[in-house]
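**Q** One predicted model, sequence on top.
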Amino acid sequence: MLSTLTDKWAALAIAALADGPQRHGELARRIAGVSQKMLTQTLRKLERDGLLTRTVTASVPARVDYALTPLSCDLFPVMVAIKTWAEAHMDRVFEARAQFDARP
């Protein structure tokens, strides 16, 4: 489960779906840099883990919407807190990396 939660694409997909249900194409436009294949794999993994739902509406063509589940809605504030922490401490992390890399 930890590998799913720390996956970059999973985190971005959950963040994008926080605004409400979306179709695959909408998610692809909102998540910069994600390939069709990677987005599909990520959405399947999140659905398998119970973090999102996939709803198919019979129409021509079929409409498929993805949405967060109550489980992922509980997770979202934790993800926001981690993002906030990372942004607040990014300079210190870069500083530590530079010091480490400068060692003989």
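**A** Structure received.

**Q** Pull the helix or strand of the chain with the lowest mean pLDDT out as CSV, backbone CA atoms only.
**A** Using mean pLDDT, DSSP states H and E, helix 2-5 stands out as the lowest-scoring helix or strand of the chain, at a mean of 84. Provided in CSV are the C-alpha atoms of helix 2-5 (Å, rounded to 0.1, in the frame of the first residue of the first chain):
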residue,chain,number,x,y,z
LEU,A,2,2.8,2.4,0.8
SER,A,3,4.2,2.1,-2.7
THR,A,4,0.8,3.1,-4.1
LEU,A,5,0.6,6.1,-1.8
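
**Q** Next secondary structure after that helix?
**A** helix 8-17 (DSSP states H and E).

**Q** Quick check: which ranges of the chain have low pLDDT?
**A** Residues of the chain meeting the criterion pLDDT under 70: none.

**Q** Which strands or helices does the biggest helix by length in the chain pack on?
**A** Taking DSSP state H as the criterion, the chain has its longest helix at helix 70-102. Packing contacts for helix 70-102, counted by 3 or more C-beta pairs under 8 Å, 6 or more residues apart in numbering; DSSP states H and E, involve helix 8-17. Glycine gets a C-beta too; all of them are placed from N, C-alpha and C.

**Q** Adjacent strands (with direction) for the following helix or strand past the helix it packs on?
**A** Using DSSP H and E, the next helix or strand after helix 8-17 towards the C-terminus is strand 22-23. In the sheet, strand 22-23 lines up against strand 63-68 (antiparallel) (DSSP bridges).
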